[in-house]
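>>> need a 3D model of the sequence below.
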Amino acid sequence: MSIDPRTPVLVGQGQIVNRAAALADAREPAHLIADAIRGAASDAGLNSLPDIDALNIVRMLSWKYANPGHTVAALLGINARAIGITPHGGNMPQLIVNKLAREIQNGELDIAIVAGGESSYSRSRAQRENVTLDWTNDKTVAPPPQTIIDDAAMSSPEEIARKIFLPVQIYPMFETALRARANRNIAEHEKLISELWSRFSDVAATNPNAWTQTALSAEQIRTVTPKNRIIGLPYRKVMNSNNQVDMAAALIICSVEKANQLGIARDRWVFPISGTDCHEHYYISNRNSFADTPAVRLGGTMACDLADTSLADISLIDLYSCFPSAVQLGAQSLNLSLDQQLTITGGLSFAGGPWNNYVMHAIATMMIKLRNNTHSRQNGLIWGNGGYATKHSFGLYSNEPAKTGFRYGSPQAKIDSLDKRELASTSDAASDVAGQATIEAYTVMHDRDGQPETAIAAVLLNDSRRAWATSIDKDLTRAMCGGEWVGRKVKLDDRGTLVT
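Alright, predicted model coming up:
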């Protein structure tokens, strides 16, 4: 089969896991990223890195660089015509691959590198041990990076004012809404999600690039212990994304023409077939339901349609897995069974969740798995998620090229037309006109000793508007840790405090 020379192709992947035994072994993110890029070059069979058209770095949190791409390029001794950085979001690695694939196909560039990394484990350790890290300060020498893509705020002013904006608060609320929609009792649902997470840990145990390679039983995952305390009900610590990792990953993407010019062997090539990007209504206050993600359904379906395939024909799947509710929302929206293999890495709790960069590792792992199949065509699907199940990026990959080249689309116009809820003010929610409110989703945040601290609930008023309710009343927070509270009638005072 003749391949269009402008066809985009992934040719190199590199992954670094630095389990520093001591702070003397700690390495800053830019150095880990540079090593990941060197690994990607070696993986592609390149003796040295060529100059590139674009170096795109996923925004990091564990160290502040004025321009991390500039620092990385200097470490590698390469020239990059454009150096950019992404906004925050776990969807960013896939979004950038979608963008670069389009630009390569359109003849706007020939070869690019996308990379990211974090040293959060070592950074946190240094803070605990009161050690100052002698890492790069590029603020006086580096030019500002290009902004790769504009971004929007993920939280509304009202949510920020109520201090409801942390993923560890919001994803547990999705969990309680999903549990209620499925009509499961608490014990049944905890068994379901602990078994799901146990299967993810089994995959991580066989992944050489996973941060944690210990398989855990479902009972170990759901049993509360001092080391596995409740964070946000119903999540134990091990059910949360593990961001305390020192990891980096990098991808090299180029045109088929460039791959041939560089002498990159055909067995190194993995083809991006299709991609989509979209988002739910940005603010969770305005979502129609906490138990549904229509943008995932529409974005995933479009990615398959553009590739002229269906999910039934895709044997490798990696759903974003920052929390069990994310996997359930993704599987539900894509009509996938929770019993099937939904991760190729082990997920963010076990393989590692380096803030915005997990999906880079998922794509790198997808490349490895697709290359291993030399006998037949095989397809793989990646779903990247940013925000609070807010921003979605899909990529469909294959070990064989598509007949029509890379295809891209977005169902955003259709998503924007979907129903929204209006957020009521605290005074309206407390008024006699609104009447009683019904809890639709909730969590109870626990302190570091594992004790209930703050209850957070999303409630629906009689006129279908949503309101936020919180409480630090010890009796109420303890009570909300027992029994099902979704569907209960409650009242709010004019400060938005939950009252019984």
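>>> Tyr442 reaches Ala455, doesn't it?
Yes. Here Tyr442 lies in contact with Ala455, judged by C-beta atoms under 8 Å, at a distance of 6.7 Å. Yep, even glycine has a C-beta here, placed from its N, CA and C like the rest.
>>> identify the contacts common to the two.
Met480 (C-beta atoms under 8 Å, 6 or more residues apart in numbering).
>>> any weak-confidence spans in the chain?
1, 432-435 (pLDDT under 70).
>>> okay, now the domains of it?
When the chain is parsed with automatic domain parsing, its domains come out as 8-154+242-416, 426-499.
>>> and the ones you listed, which is most packed in?
domain 8-154+242-416 (a mean of 21; mean count of other C-beta atoms under 10 Å).
>>> so where does the residue nearest to Tyr320 when sequence neighbours are not counted fall, helix or strand?
In space, and not counting its chain neighbours, Tyr320 is closest to Asn385: 3.8 Å by C-beta to C-beta, 6 or more residues apart in numbering. Applying DSSP states H and E as the criterion places Asn385 in strand 379-386.
>>> tell me how far that strand lies from the chain's centre.
Its chain's average C-alpha position is 9 Å from that of strand 379-386, according to C-alpha atoms, centre = their mean, to the nearest Å.
>>> right, and the helix or strand after it?
Sequence-wise, the next helix or strand downstream of strand 379-386 (DSSP H and E) is strand 391-398.
>>> what's the strand holding Asn385 packed up against?
helix 92-105, helix 294-306, strand 316-318, helix 324-334, helix 358-372, strand 391-398 (3 or more C-beta pairs under 8 Å, 6 or more residues apart in numbering; DSSP states H and E).
>>> which other helices and strands does the last one contact?
This means strand 391-398. helix 92-105, strand 271-279, helix 294-306, helix 358-372, strand 379-386.
>>> who does the following helix or strand past the first one touch, helix- and strand-wise?
Think helix 92-105. Later in the chain than helix 92-105, the nearest helix or strand by DSSP H and E is strand 111-119. When contacts are defined as 3+ C-beta pairs under 8 Å, 6+ apart, strand 111-119 packs onto helix 29-43, strand 52-57, helix 92-105, strand 246-255, helix 358-372.
>>> can I get those in JSON lines with distance to Glu190?
Output for the helices and strands packed on strand 111-119, formatted as JSON lines (distance: least, C-beta to C-beta, whole Å):
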{"stretch": "helix 29-43", "distance to Glu190": "36"}
{"stretch": "strand 52-57", "distance to Glu190": "39"}
{"stretch": "helix 92-105", "distance to Glu190": "31"}
{"stretch": "strand 246-255", "distance to Glu190": "29"}
{"stretch": "helix 358-372", "distance to Glu190": "25"}
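>>> for Ser300, give its distance to Ser310.
If you look again at residue 300, you'll see it is Gly, not Ser. 11 Å (C-beta to C-beta, to the nearest Å).
>>> likewise Val168?
With C-beta to C-beta as the criterion, Val168 and Ser310 are 35 Å apart.
>>> give the contact list for the residue nearest to Met173 when sequence neighbours are not counted.
Among residues not flanking Met173 along the chain, Ala441 sits closest, at 4.1 Å (C-beta to C-beta, 6+ apart). Listed by C-beta under 8 Å, 6+ apart, the contact set of Ala441 reads 173-174, 176-177, 290-291, 457-458, 486.
>>> longest single helix anywhere in the protein?
Counting residues, the longest helix in the chain under DSSP state H turns out to be helix 186-205.
>>> what helices or strands is it leaning on?
helix 167-181, helix 218-222, helix 324-334.
>>> how about TSV for those helices, with distance to Val11 added?
Formatted as TSV, the helices and strands packed on helix 186-205 follow (distance: least, C-beta to C-beta, whole Å):
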stretch	distance to Val11
helix 167-181	34
helix 218-222	38
helix 324-334	28
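>>> looking at these, which is closest to Ser122?
With C-beta to C-beta as the criterion, Ser122 lies closest to helix 167-181 of those, at 21.8 Å.
>>> quick check: angle from that closest one to helix 186-205?
130 degrees (axes from the mean of the first three to the mean of the last three C-alpha atoms, to 10 degrees).
>>> in PDB, list the C-alpha atoms belonging to helix 167-181.
Output of helix 167-181 as PDB, limited to C-alpha atoms (Å, rounded to 0.1, in the frame of the first residue of the first chain):
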ATOM      1  CA  PRO A 167     -10.600  17.200  41.900                       C
ATOM      2  CA  VAL A 168     -10.500  15.300  45.200                       C
ATOM      3  CA  GLN A 169     -13.800  17.000  46.100                       C
ATOM      4  CA  ILE A 170     -15.600  16.700  42.800                       C
ATOM      5  CA  TYR A 171     -14.800  13.200  41.500                       C
ATOM      6  CA  PRO A 172     -16.200  11.600  44.700                       C
ATOM      7  CA  MET A 173     -19.400  13.500  44.000                       C
ATOM      8  CA  PHE A 174     -19.600  12.000  40.600                       C
ATOM      9  CA  GLU A 175     -19.100   8.700  42.300                       C
ATOM     10  CA  THR A 176     -22.100   9.000  44.600                       C
ATOM     11  CA  ALA A 177     -24.300  10.200  41.700                       C
ATOM     12  CA  LEU A 178     -23.200   7.200  39.600                       C
ATOM     13  CA  ARG A 179     -23.900   4.900  42.500                       C
ATOM     14  CA  ALA A 180     -27.400   6.300  43.000                       C
ATOM     15  CA  ARG A 181     -28.200   6.100  39.200                       C
END
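>>> what does it contact?
Taking C-beta under 8 Å, 6+ apart as the rule, helix 167-181 contacts 164, 186, 189, 193, 231-235, 240-241, 284, 289-291, 322-326, 328-329, 332, 388-389, 440-443, 445, 456, 458, 484-487.
>>> related to what we said a few turns ago, and the furthest pair within the contacts of Ala441?
Those two in these that are separated most widely, counting by C-beta to C-beta, are Ala291 and Ala457, at 14.7 Å.
>>> which ones are touching Asp77?
Just so we're on the same page, residue 77 is Gly rather than Asp. Per C-beta under 8 Å, 6+ apart, neighbours of Gly77: none.
>>> ramachandran coordinates for it?
Dihedral pair for Gly77: phi 70, psi 40, per degrees, to the nearest 10.
>>> for Leu49, see how far away it is.
Counting by C-beta to C-beta - Gly77 and Leu49 are separated by 8 Å.
>>> sorry, back to before: among the helices and strands packed on strand 111-119, which is nearest Lys139?
Once the helices and strands packed on strand 111-119 are compared by C-beta to C-beta, helix 29-43 is nearest, at 13.4 Å.
>>> can you state the direction angle for the closest one and strand 52-57?
Going by the same axes, to 10 degrees, helix 29-43 makes 130 degrees with strand 52-57.
>>> against which helices or strands is helix 29-43 packed?
Using 3+ C-beta pairs under 8 Å, 6+ apart: helix 29-43 touches strand 8-17, helix 68-76, strand 111-119, strand 246-255.
>>> reformat the ones you listed as JSON lines; add distance to Ser464.
Putting the helices and strands packed on helix 29-43 into JSON lines (distance: least, C-beta to C-beta, whole Å) gives the following:
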{"stretch": "strand 8-17", "distance to Ser464": "45"}
{"stretch": "helix 68-76", "distance to Ser464": "45"}
{"stretch": "strand 111-119", "distance to Ser464": "41"}
{"stretch": "strand 246-255", "distance to Ser464": "44"}
